[in-house]
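J.: Sharing a sequence plus its predicted fold:
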Number of protein chains: 2
Amino acid sequence: MPKVTIYDVAKRAGVSAATVSKVLNGTGRISPETSQRIRAAIEELQYRPSLIASALKKHQTFSVGLLVPDITNPFYAALARAVEDQALAHNYAVLICSTDNIAEREEKQLELFLRQRLDGLIVATSEAMGQEFFNTLHQSQVRVVFIDRVIPNVPYPVIATDHYLGSYLATEHLIELGHRDIAIFLEPLTLRSSLERLRGFAKALEAHQIKFDDHLVFSEGFGVEAGYELAQRMLTQKGPQELPTAIFAATDQLAIGALQYFHEKGISVPDQISLIGYDDIQMAKMVSPPLTTVAQPITELGHQAFEVLLGTQALSATTTLLPPRVVVRSSTAAPHLQS
Amino acid sequence: MPKVTIYDVAKRAGVSAATVSKVLNGTGRISPETSQRIRAAIEELQYRPSLIASALKKHQTFSVGLLVPDITNPFYAALARAVEDQALAHNYAVLICSTDNIAEREEKQLELFLRQRLDGLIVATSEAMGQEFFNTLHQSQVRVVFIDRVIPNVPYPVIATDHYLGSYLATEHLIELGHRDIAIFLEPLTLRSSLERLRGFAKALEAHQIKFDDHLVFSEGFGVEAGYELAQRMLTQKGPQELPTAIFAATDQLAIGALQYFHEKGISVPDQISLIGYDDIQMAKMVSPPLTTVAQPITELGHQAFEVLLGTQALSATTTLLPPRVVVRSSTAAPHLQS
DNA sequence: TTGAAAGCGGTACCAG
DNA sequence: CTGGTACCGCTTTCAA
């Protein structure tokens, strides 16, 4: 049997397609009896209205696109999930694409998305995005919201995490535990995100009258390996006496790398040194000891992006910063007094 | 400016819409000059053909849907990525939905997908799927491929990993290293996947004339915690003399839990006991020692699903089993001879 | 309260 | 080689 259309339903119910359309959309006034007959016909025929046809007429596809660097990255997976959930609740579909931050892929996918006539686009790709991309976006009239991507000159709403605040809170957590010699591990300082975190760190120290010490800033590389090396470097450079009592690792991966090194060296966390991470990746709770860390409000990020995207407001260059929160687990504790 | 349509292009190029359509689709024969003029017009107008309109006419949306339990699960994220990549290469879009294996969500999303008139559906959700879902699928004419979900009575192609083979290979790796006392850690034996893995394990032992010992089968619970407990239970039940020299953990999470326990007890892996996992989750390479494990051919799974889905073949109940492979890292080694 | 008809933006058949 | 035209399936006036 071929696809059943609105006409089949109409015929079956003994009315016109226009009337069926009205009960489908709840527009116009239809008598209860007619409405009932139509519903029955829809049910019997297992009629499923074509969003394609309706989109063509209504200029609304009930679909949004999500552009991320890599869905395989847990952060973006969580983000996608948040968007999905919100979308499903509104009967929207989500088209997802991983771009690997490759300009070519981004542009190709954007092109596809635009042809699909999506109702909106959530962009969470890297900051190093091509100008071409922006031009296309701009001239194309789509609604766009950027996530996790604080760039001054984006003429669209940006929803992001307040990493400055996150670092501040992480550092304060350590300070409140009683730490005063605190090191910070960072990804390369060429990244805005690293800079932000360093700033929050410094500010928290300042707020508590703790002197900021250049020699306690360690930065280089990415991932677990970098954390391992940074820890190694710290231990090598400092004598046991001058070791900090706590480390703020600006990334969970860095923290986990450091943790591995400490394990190997028989340095106990948090007894000898406290360690707080940042991101709350899944692994954070699986390592031993479970890592105290800063969780980004990923779900809120996704939800809010979706809501703003489909809101009725005109989309302008506004930045919304959402607060992260400290998740206390077992890798931080009060320092042992070495009198 | 309003959306530019094929008519705008036609007017600009001084031809009819029909002709523009032809150069767009490469159908019919168009003189080089006309074709050139049309291309120029398209370029100047920044024309982007509406897939909506074309889909309505051609009954082809260039979109496929992907149903997974949770995109946040690294396995499904990787799968999604594989599907995405393949899709992008074919100029297809991918709609993704996490269902949490909740029948209600599955059905709701399926309904949405069907309305979207997708060209195909890749289903990778749990085995505990509602009958309702199947009925809807069946009567709806969509092309469907199942992934990672070996069920006898699915009237669609199934692409899955050969877990029997995977377990066989894992066990054989241990045997070839010289182990003969090998324990196996499993998730509950009520799961088909556990049974499959146990079967492969037993078969490998048999193939190498090693006696299968019931007391070396440990099964209960899920995740890292279960691994920890199983390791604990094993150590408690067995005296140090009768400890196996190797463990095959049917899940990386189980392996990692066991690893943590051994760490705490000062038992060295792989010096005192070898450990092989299964799944090759991201964490596997981050723990110390990096975990030898069995990697599922996720990328192939996704690619093949996409290709089958969009192939020209009629979709029938065929099962394709793809071989996993052993990834040797540092948690396995030859046993120390205890003479 | 209901329906006829025009049209959304393409495609494809068929005539010229 | 090119264009007129009907139509894909639904929505939306507008008149009845």
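T.: Yep, that arrived.

J.: Could you use CA atoms for every contact and neighbour count after this?
T.: Fine.

J.: what's the neighbour count on A:Gly26?
T.: Neighbours of A:Gly26 under the rule other CA atoms under 10 Å in any protein chain shown: 11.

J.: now do A:Cys97
T.: 28.

J.: what's the pLDDT at the residue lying closest to it once chain neighbours are set aside?
T.: Once flanking residues are discounted, A:Cys97 sits nearest to A:Leu67: 5.2 Å by CA to CA, 6 or more residues apart in numbering or on different chains. Note on A:Leu67: pLDDT of 96.

J.: show me where chain A has strands.
T.: Taking DSSP state E, the strands of chain A run over residues A:63-68, A:93-98, A:120-123, A:144-147, A:158-161, A:182-186, A:217-219, A:246-249, A:274-276, A:293-295, A:319-322, A:325-327.

J.: Now do the contacts for the residue nearest to A:Cys97.
T.: Residues near A:Leu67 by CA atoms under 8 Å, 6 or more residues apart in numbering or on different chains: A:Ile96, A:Cys97, A:Ser98, A:Thr99, A:Glu106, A:Leu121, A:Ile122, A:Val123, A:Ala124, A:Thr125.

J.: how's chain A carved up into domains?
T.: A:6-49, A:61-161+A:299-322, A:163-296+A:326-337 (automatic domain parsing).

J.: Can you tell me which residue of the stretch 101-250 of chain A sits closest to DNA strand C?
T.: Of all residues in the stretch 101-250 of chain A, A:Arg115 sits closest to DNA strand C, at 8.2 Å by CA to the nearest atom of the strand.

J.: residues near that residue, how many?
T.: 16.

J.: Quick check, it in contact with B:Tyr47.
T.: No: A:Arg115 is not in contact with B:Tyr47 according to CA atoms under 8 Å; the separation is 9.6 Å.

J.: what residues does chain A put near chain B?
T.: Proximity of chain A to chain B, by CA under 8 Å from any CA of the partner chain, involves residues A:48-53, A:55-56, A:70-72, A:74, A:77-78, A:80-81, A:84, A:88, A:91-98, A:109, A:112-117, A:224, A:260, A:283, A:286, A:288.

J.: tell me the contacts of the residue in chain A that chain B sits nearest to?
T.: Residue of chain A nearest chain B, by CA to the nearest CA: A:Leu95 (4.3 Å). Counting by CA under 8 Å, 6+ apart, A:Leu95 touches A:Ser63, A:Val64, A:Gly65, A:Leu66, B:Ala93, B:Val94, B:Leu95, B:Ile96.

J.: and if you look at A:Tyr76?
T.: A:Tyr76 is in contact with A:Val68, A:Pro69, A:Asp70, counting by CA under 8 Å, 6+ apart.

J.: quick one: which of these is nearest DNA strand C?
T.: When the contacts of A:Tyr76 are compared against DNA strand C (criterion: CA to the nearest atom of the strand), the nearest one is A:Val68, at 26.9 Å.

J.: Pull the number of nearby residues for the closest one.
T.: Neighbour number of A:Val68 under other CA under 10 Å is 26.

J.: And for the one 10 residues further on?
T.: A:Ala78 sits with 21 neighbouring residues when counted by other CA under 10 Å.

J.: quick one: pLDDT of it?
T.: According to the prediction, A:Ala78 has pLDDT 93.

J.: Might you report the residue contacts of the residue of the stretch 101-250 of chain A closest to DNA strand C?
T.: Residues in contact with A:Arg115 (CA under 8 Å, 6+ apart) are B:Arg48, B:Pro49, B:Ser50, B:Leu51, B:Ile52.

J.: give me that answer again for 10 Å
T.: Listed by CA atoms under 10 Å, 6 or more residues apart in numbering or on different chains, the contact set of A:Arg115 reads A:Gln109, B:Tyr47, B:Arg48, B:Pro49, B:Ser50, B:Leu51, B:Ile52, B:Ala53.

J.: Over to A:Pro157?
T.: A:Pro157 is in contact with A:143-147, A:150, A:305, A:308-309, A:314-320, counting by CA under 10 Å, 6+ apart.

J.: Now list the buried members of these.
T.: A:Arg143, A:Val144, A:Val145, A:Phe146, A:Ile147, A:Val150, A:Ala305, A:Val308, A:Leu309, A:Leu315, A:Thr319, A:Thr320 (16 or more other CA atoms under 10 Å in any protein chain shown).

J.: What's opposite the residue nearest to the second one when sequence neighbours are not counted in the beta bridge?
T.: Yep, that's A:Val144 we're talking about. Nearest residue to A:Val144, sequence neighbours excluded (CA to CA, 6+ apart): A:Leu121, at 4.7 Å. On the basis of DSSP bridges, A:Leu121 is bridged to A:Gly65, A:Val144.

J.: I'd say A:Leu121 and A:Ala93 touch.
T.: No: using CA atoms under 10 Å, A:Leu121 makes no contact with A:Ala93, being 11.8 Å away.

J.: Can you work out which residues contact both of those two?
T.: The contact sets of A:Leu121 and A:Ala93 overlap at A:Ser63, A:Val64, A:Gly65 (CA under 10 Å, 6+ apart).

J.: Redo these as CSV? Include neighbour count.
T.: Below are those laid out as CSV (neighbours: other CA atoms under 10 Å in any protein chain shown):
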residue, neighbour count
A:Ser63, 21
A:Val64, 27
A:Gly65, 27
